[in-house]
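A.B. asks: model this:
(chains A and B)
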Amino acid sequence: MLGRERVPLVSQNPSALKYPLIKIAALTKRYRRGPVILDNIDIDVEKGEFVTLIGPSGCGKSTVLKLIASLSPVTSGTLLVDNMKPEKARKETSFVFQEATLLPWRTVARNIELPLEVSGVPEGERREICSRMLKLVRLEHVSGHYPRQLSGGMKMRVSIARALAISPRILLLDEPFGALDEMTRDRLNEELLGIREKQKFTAVFVTHSVSEAVFLSSRIVVLAANPGRVHRDCAVPFPYPRNAETRDSPEFQRFVTQISKELRAVNPENQ
Amino acid sequence: MRTYLKWYLPVLTGLLILGLWMGVKDAFGIRNFVMPSPYKIAHAAFVERHVLLAAAERTMIGASIGFVAAAVGGFLLSVIMGMSASFRLSLYPYILVLQMTPVIIFAPVIVIWMGPGLSAITVITFLICFFPIVANTTQGLISVDRNMVDLFRMISANRFQEVRLLRVPFAMPYFLTGLRIAGSIAMIGGTTGDVFAGDASGGLGYLVLVYDGQLKIPELWAAGFTACLCGFVFVTVVLGLNWLVLHKWHDSIIKIE
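C.D. replies: Modelled structure (predicted):
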């Protein structure tokens, strides 16, 4: 069993809050009488951080997101979002799913408006927010299209725009770019950071890709599997804004190698 | 497939069948009351056109009201069952029982309750159309994508919003499949209704009985073809509706380019 080591966390915006925006302490999750999915997890996410959870399949990284979103109940331990129970904090939390989950009978614009419509935002304001979001993800030209007319990358951008329409403080992303080709993924990574410069949200991101994790995050949490637990918690030393050149630097490559090693250490096939 | 072939081939098949029909009839000397020639049937249809049209109108009215009632009622019941699992579990077995009992067995009872005439014909059509609509629509309402349900939970949608904005639109293709099946059997309901519940002003089913009794065999065939045409009207209307609702977004309508 590996010990848990913690690298001191370097937050972008320290001391803004007395409590972390997301507090996870001694958290355990199991489904019914099934195996333990998450065992005694501690992760604090400060406001303004971009935290990526990475780990082998079955380490429960998506489950962490589901718990923060209160789509699934906590078995034991503490989970506070903005010092509230997660279900109370839904209004400030948005979820970007693995698939774009756009409603195929609604146009792009109407899909982005959906969360606003549900929470009763008047139509004029809805339109205004929607056109701002379309501009943010650079999709003004397809606002009247239906999802089936879009490419995979465009669908994901619409999905992100829909998530951001309610101006959430927290954005949870569950492998949103996993199904895309590498070039599209790189471009969307750059776009996501660009959007974050403008919208200022705290992000918790789940991925299988180390270079994606390093490029996006201010902090990477490496999870081990069976049961899921925190293996390493590392700050990423590169300043924002980052761009395509960031990936080319030798420091970046070295950091990717380092995280890959950590990941290999927890891969059940190597144990 | 070239477009003109889509018209040309079925017409060719039709002509072949007609030719074969006449050839076989002549070659074996089949009598008119066993199998009339196409010409005889067309002639009978022309002579009896007023009677046939009046009967068709009557059957169509009964079948249409029954069909529309089944569509509306079936849809509403499905939404209720889609919203509540306990409702679904309590009701569904009895809807199945209703469906598994051949409608012919209900028919005399309905005539006893309602008397012969239009209302009985309507109820019989309703019974025959109801099940495919309910079965399909309920299936659609409960097979919504799991992620979409999570999305609606995330945006704090209430139950009615979830049904109105997610489940009902998601179930539309299923509902329309139900309507298509119901539309193609509505005429069975209408004519069965006629046979059991038709009165002197009877529809096509009743007319078939009368012609049969009078040994007017070409006329009987003509009535059969009229019923077939009415069935096409139903299916065409449903296909039109299907296109109207789905053509913008659903893959079943979108042509492969």
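A.B. asks: mind checking how far the residue nearest to residue A:47 when sequence neighbours are not counted is from residue A:136?
C.D. replies: Using Cβ to Cβ, 6 or more residues apart in numbering or on different chains and skipping the chain neighbours, the partner closest in space to residue A:47 is residue A:21 (4.6 Å). From N, CA and C alone the C-beta is placed, and that goes for glycine too. Using Cβ to Cβ, to the nearest Å, residue A:21 is found at 22 Å from residue A:136.
A.B. asks: Tell me which residues touch the residue nearest to residue A:47, please.
C.D. replies: Residue A:21 is in contact with A:45-47, A:49, A:81-82, A:169-170, A:202, counting by Cβ atoms under 8 Å, 6 or more residues apart in numbering or on different chains.
A.B. asks: Whichever of those end up buried, select them in PyMOL.
C.D. replies: Buried members of the contacts of residue A:21, defined by 16 or more other Cβ atoms under 10 Å in any protein chain shown, are picked up in PyMOL with:
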select buried, chain A and resi 45+46+47+49+81+82+169+170+202
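A.B. asks: out of the contacts of residue A:21, which are inside strands?
C.D. replies: Counted as lying in strands by DSSP state E, out of these, are A:45, A:81, A:170, A:202.
A.B. asks: Tell me the one among the residues you listed nearest to residue B:96.
C.D. replies: Nearest to residue B:96 among these: residue A:81, at 45.9 Å, using Cβ to Cβ.
A.B. asks: wait, isn't the closest one in contact with residue A:168?
C.D. replies: No. With contact defined as Cβ atoms under 8 Å, residue A:81 does not reach residue A:168; the gap is 11.0 Å.
A.B. asks: Quick check: bridge partners of the spatially most central residue of chain A?
C.D. replies: Nearest to the mean C-alpha position of chain A, by Cα atoms, centre = their mean, lies residue A:205 at 2.4 Å. When bridges are called by DSSP bridges, residue A:205 pairs up with residue A:52, residue A:173.
A.B. asks: Could you measure from it over to chain B?
C.D. replies: Here residue A:205 is placed at a distance of 16 Å from chain B (Cβ to the nearest Cβ, to the nearest Å).
A.B. asks: check contacts around that residue.
C.D. replies: Counting by Cβ under 8 Å, 6+ apart, residue A:205 has contacts A:50-53, A:173, A:213, A:216-217.
A.B. asks: Let me see the confidence value for it.
C.D. replies: Note on residue A:205: pLDDT of 97.
A.B. asks: cool, residue B:29 as well?
C.D. replies: Reading off the model, residue B:29 has pLDDT 87.
A.B. asks: got it, and residue B:4?
C.D. replies: You'll see residue B:4 listed with a pLDDT of 79.
A.B. asks: residues near it, how many?
C.D. replies: Number of residues near residue B:4 (other Cβ atoms under 10 Å in any protein chain shown) recorded here: 8.
A.B. asks: Can you tell me how far residue A:57 is from chain B?
C.D. replies: From residue A:57 to chain B the distance is 19 Å (Cβ to the nearest Cβ).
A.B. asks: do you know how far the closest residue to residue A:107 other than its chain neighbours is from residue A:110?
C.D. replies: Closest residue to residue A:107 apart from its sequence neighbours, by Cβ to Cβ, 6+ apart: residue A:144 at 5.3 Å. As judged by Cβ to Cβ, residue A:144 and residue A:110 stand 9 Å apart.
A.B. asks: ok so, going back, closest to chain B among the contacts of residue A:21?
C.D. replies: residue A:170 (11.4 Å; Cβ to the nearest Cβ).
A.B. asks: Let me see the contact set for the residue nearest to that closest one when sequence neighbours are not counted.
C.D. replies: In this structure, residue A:170 finds its nearest non-sequential neighbour in residue A:93, 4.6 Å apart by Cβ to Cβ, 6+ apart. Contacts for residue A:93 were tallied using Cβ under 8 Å, 6+ apart; they are A:68-69, A:81, A:86, A:168-172, B:154.
A.B. asks: Sort those by pLDDT and name the bottom one.
C.D. replies: In terms of pLDDT, the lowest of the contacts of residue A:93 is residue A:86, showing 90.
A.B. asks: Test my guess that that one contacts residue A:72.
C.D. replies: No. Using Cβ under 8 Å, residue A:86 makes no contact with residue A:72, being 9.7 Å away.
A.B. asks: Show me which of those two is the more surrounded one.
C.D. replies: The neighbour comparison of residue A:86 against residue A:72 (other Cβ under 10 Å) goes to residue A:86, with 21 against 16.
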